[in-house]
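Q: Based on what follows, work out the 3D shape:
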Amino acid sequence: MGNPIAVSKDRSALSQSAYDHLWMHFTRMSSYESSPVPTIVRGEGTYIYDDRGKRYLDGLAGLFVVQAGHGRRELAEVAARQAEELAFFPVWSYAHPKAIELAERLAGEAPGDLSKVFFTTGGGEAVETAWKLAKQYFKLIGKPTKYKVVSRAVAYHGTPQGALSLTGLPGLKAPFEPLVPGAHKVPNTNIYRAPLHGDDPEAFGRWAADQIEQQILFEGPDTVAAVFLEPVQNAGGCFPPPPGYFQRVREICDRYDVLLVSDEVICAFGRLGKTFACDKFGYVPDMITCAKGMTSGYSPIGACIVSDRLAEPFYQGDNTFLHGYTFGGHPVSAAVGLANLDLFEREKLNRHVLDNEGAFLSTLRKLHDLPIVGDVRGNGFFYGIELVKDKNTKESFNEEETERVLYGFLSKALFDAGLYCRADDRGDPVVQLAPPLVSTQQTFDEMEQILRGVLAEAWSKL
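A: Sure, this is the predicted structure:
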C-alpha cells in the first residue's frame with residue numbers, strides 16, 4: 001500500500017494542476033481557487049469513483065451519455081482493435097468500412113425515409129449541420145428566402161453559433177451576441193406552468209403546437225426553413241410532449257413546407273426506451289440530430305440523419321454540401337458505435353428501460369411528500385424534479401435563493417452524499433436525473449434516499 005501522505009500530496013498536486021491548466025466547461029473557475037477540484041478516476045456499472053476512492057451513484061450517465069454503464073471492457077477492446085487497424089481517415093470524398101457500416105445501421109433504425117447519415121463529432125455540431133443543410137436545401141430547390149428557424153423557450157441545442165441561436169436560454173447567449181439571425185422562439189411544453197389548459201394535456205398540447213403555426217405565419221411561411229424540437233426537452237427539467245403535440249406539429253410543418261428536426265442528442269439510443277425517441281411519440285421528422293449515447297460515451301461521435309427527399313438535390317450534378325468535420329465518422333468511434341448497438345440488442349437495453357420507466361418514476365414521486373418538491377416529470381430514464389418555495393402557489397426561488405440554495409448548497413451536498421446529478425436553474429430550479437440504462441430498482445431506491453435527505457435539508461435553508 002502506498003504512503004498515504006504521498007498519495008494526499010499527489011491528489012493535491014493534481015487538483016492544483018486542474019485549476020491552473022484545465023479550463024472546465026460551464027464552470028465558475030473561481031469556485032476552485034481555494035477548494036479541491038472533484039476528480040473522477042474510475043467507473044464501474046452505475047458508479048463512479050474519485051481520486052480518494054469514494055464511490056458515487058452516477059445519476060446523470062456522465063452527461064446523458066453512458067447508456068451501457070461504466071467499465072464495459074468489450075467497448076474498450078473494440079476501440080483498441082480498430083485503432084490498430086485504422087486509427088484515422090476522414091470521410092471527405094473517401095469512405096472507410098466502419099463509417100459505412102454504422103451509417104447503414106443508423107439508416108436501418110431511423111423511421112420513414114431517413115437514410116442519409118452525415119457524421120459529426122458531437123451534438124452541437126449535428127444541430128449546426130441540420131440548420132446549414134436546411135438553408136442550402138431550400139436554396140437548391142428555388143426557395144432561397146426560407147432560412148429562419150423556430151425552437152422553444154428554455155431549450156438548449158448546443159454551443160456553436162447557429163445551435164446557440166436556436167437555444168432558448170438568454171443567459172447563455174448574451175455573452176456571444178450578436179448570434180446567427182433568424183432564430184425565433186415559441187412556448188415549450190411545461191404543463192406544470194402552463195399559461196392555459198393546465199388541467200387538460202390534450203388541449204395544452206394543441207395550444208403549444210399552434211404557437212408554432214402562429215410564429216410561422218408571423219414571420220411568413222416563405223421565410224421559415226425548419227422547426228427544431230427535442231422529443232423531451234432537457235433544459236428546464238425534462239418536459240415531455242402532451243398527447244397529440246407532435247402529430248399537430250407535423251401537420252403544421254407539412255402545411256407550410258417547413259422541415260421538422262427532431263433533436264435527439266440526449267433522447268436517442270435508449271434514453272426513452274427506443275433507438276430514436278420520435279418512434280416513441282409517433283412522428284417522422286425530416287432530420288434527426290443525435291450523439292451522446294451512440295457509443296455510450298466510449299468515443300465521441302454525432303450525426304445528422306437526413307431524409308432522402310432532403311438529400312436528393314445534393315446528389316445531383318455539381319451540387320455539394322460544403323460542410324464537414326475532421327473527426328466526423330472517426331473509425332474508432334464508428335467501430336465503438338456499432339459494438340454499442342450490438343450490446344443494446346444483446347442485453348435488450350431498450351426493453352429494460354420500457355419495462356422499468358414506470359418504477360423509476362414511481363420511486364421519484366415518493367419525494368412529493370417533501371415541501372420543496374413541486375413537480376416530478378419526464379420519460380424513460382430521464383426525469384426532472386422541480387423545486388418550489390410553495391407547493392400550493394408553485395412559487396419558485398428568487399435569484400438570491402437560487403444562488404444560496406441551488407448553487408451554494410444543493411449541488412455540492414448531493415455530490416457529498418454520494419449522488420452525481422445536475423442541479424440546474426436554466427428555467428426554474430430543478431434536479432435532473434438520467435442514470436445509465438442498466439440501472440435497476442436498487443439504483444432508483446438509492447437515488448431517492450439520497451435525494452430525500454439532501455432536499456429536506458435544502459428546505460431548511462430557504
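
Q: so where's the stretch 351-462 of the chain uncertain?
A: Scanning the stretch 351-462 of the chain for pLDDT under 70 picks out nothing.

Q: That should have said the chain, apologies.
A: Applying pLDDT under 70 to the chain flags residues 1-9.

Q: Could you report the distance from the residue nearest the centre of it to A126?
A: For the chain, the residue sitting closest to the mean C-alpha position, by Cα atoms, centre = their mean, is I266 at 2.9 Å. To A126, I266 is 12 Å away according to Cβ to Cβ, to the nearest Å. For the C-beta atoms, the positions are set from N, CA and C on the backbone; glycine is no exception.

Q: Next: M447.
A: To A126, M447 is 30 Å away according to Cβ to Cβ.

Q: neighbour-wise, which of those two wins?
A: A126 (32 against 24; other Cβ atoms under 10 Å).

Q: what helices or strands is the helix or strand encompassing the more buried one leaning on?
A: Taking DSSP states H and E as the criterion, A126 maps to helix 123-140. Other helices and strands packing on helix 123-140, by 3 or more Cβ pairs under 8 Å, 6 or more residues apart in numbering; DSSP states H and E, are strand 114-120, helix 161-166, strand 224-229, strand 259-263, strand 287-290, strand 302-307, helix 308-311.

Q: Point out the most buried one among the ones you listed.
A: Using mean count of other Cβ atoms under 10 Å, the stretch among the helices and strands packed on helix 123-140 with the largest mean neighbour count is strand 287-290, at a mean of 30.

Q: Packing partners of it?
A: When contacts are defined as 3+ Cβ pairs under 8 Å, 6+ apart, strand 287-290 sits against helix 123-140, strand 259-263, strand 302-307.

Q: now the second one, how far from the chain's geometric center?
A: Relative to the chain's own centre, strand 259-263 is displaced by 15 Å; criterion: Cα atoms, centre = their mean, to the nearest Å.

Q: domain parsing for the protein?
A: For the chain, the TED database gives the domain ranges 38-71+349-460, 75-347.

Q: Just send those back as a markdown table, with distance to H21 too.
A: Shown next, in a markdown table, are the domains of the chain (distance: least, Cβ to Cβ, whole Å):
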| stretch | distance to H21 |
| --- | --- |
| domain 38-71+349-460 | 13 |
| domain 75-347 | 21 |
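
Q: closest one to Y19 among those?
A: domain 38-71+349-460 (11.0 Å; Cβ to Cβ).

Q: chain center to that closest one: distance?
A: In terms of Cα atoms, centre = their mean, the centre of domain 38-71+349-460 is found 15 Å from the chain centre.

Q: now for it, what's the gap between its first and last residues?
A: Distance between the boundary residues of domain 38-71+349-460 (Cα to Cα, to the nearest Å) amounts to 26 Å.

Q: what's the answer for stretch 282-298, then?
A: End-to-end distance of stretch 282-298 (Cα to Cα): 30 Å.

Q: What residues of that stretch count as buried?
A: The neighbour-count check on stretch 282-298 (16 or more other Cβ atoms under 10 Å) flags 283-298 as buried.

Q: One more: stretch 387-407?
A: Using 16+ other Cβ under 10 Å as the test for burial, stretch 387-407 gives 387-389, 396-397, 401-402, 405-406.

Q: Need those in JSON lines (columns: secondary structure and distance to L354).
A: Listed next are these as JSON lines, based on DSSP: H, G, I helix; E, B strand; the rest coil; distance: Cβ to Cβ, whole Å:
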{"residue": "L387", "secondary structure": "strand", "distance to L354": "28"}
{"residue": "V388", "secondary structure": "coil", "distance to L354": "30"}
{"residue": "K389", "secondary structure": "coil", "distance to L354": "36"}
{"residue": "S396", "secondary structure": "coil", "distance to L354": "33"}
{"residue": "F397", "secondary structure": "coil", "distance to L354": "35"}
{"residue": "E401", "secondary structure": "helix", "distance to L354": "38"}
{"residue": "T402", "secondary structure": "helix", "distance to L354": "35"}
{"residue": "V405", "secondary structure": "helix", "distance to L354": "35"}
{"residue": "L406", "secondary structure": "helix", "distance to L354": "32"}
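
Q: residues touching V284, list them.
A: Counting by Cβ atoms under 8 Å, 6 or more residues apart in numbering, V284 makes contact with 111-112, 114, 250, 278.

Q: Let's see the ChimeraX selection covering just the buried ones among those.
A: Here is the ChimeraX command that selects only those of the contacts of V284 that count as buried (16+ other Cβ under 10 Å):
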select :111,114,250,278
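
Q: Narrow the contacts of V284 to those in helices?
A: Secondary structure from DSSP state H places 250, 278 of those in helices.

Q: Most widely separated two among the contacts of V284?
A: The distance between the two most remote of those (Cβ to Cβ) is 13.8 Å, for L114 and R250.

Q: out of the domains of the chain, which comes closest to W23?
A: For those, the distance to W23 is smallest for domain 75-347, at 13.9 Å, taking Cβ to Cβ.

Q: how far does the closest one stretch from start to finish?
A: For domain 75-347, the first-to-last residue distance is 14 Å (Cα to Cα).

Q: now swap in stretch 178-190 and tell me
A: Stretch 178-190 has an end-to-end distance of 28 Å (Cα to Cα).

Q: try stretch 432-447
A: End-to-end distance for stretch 432-447, by Cα to Cα: 12 Å.
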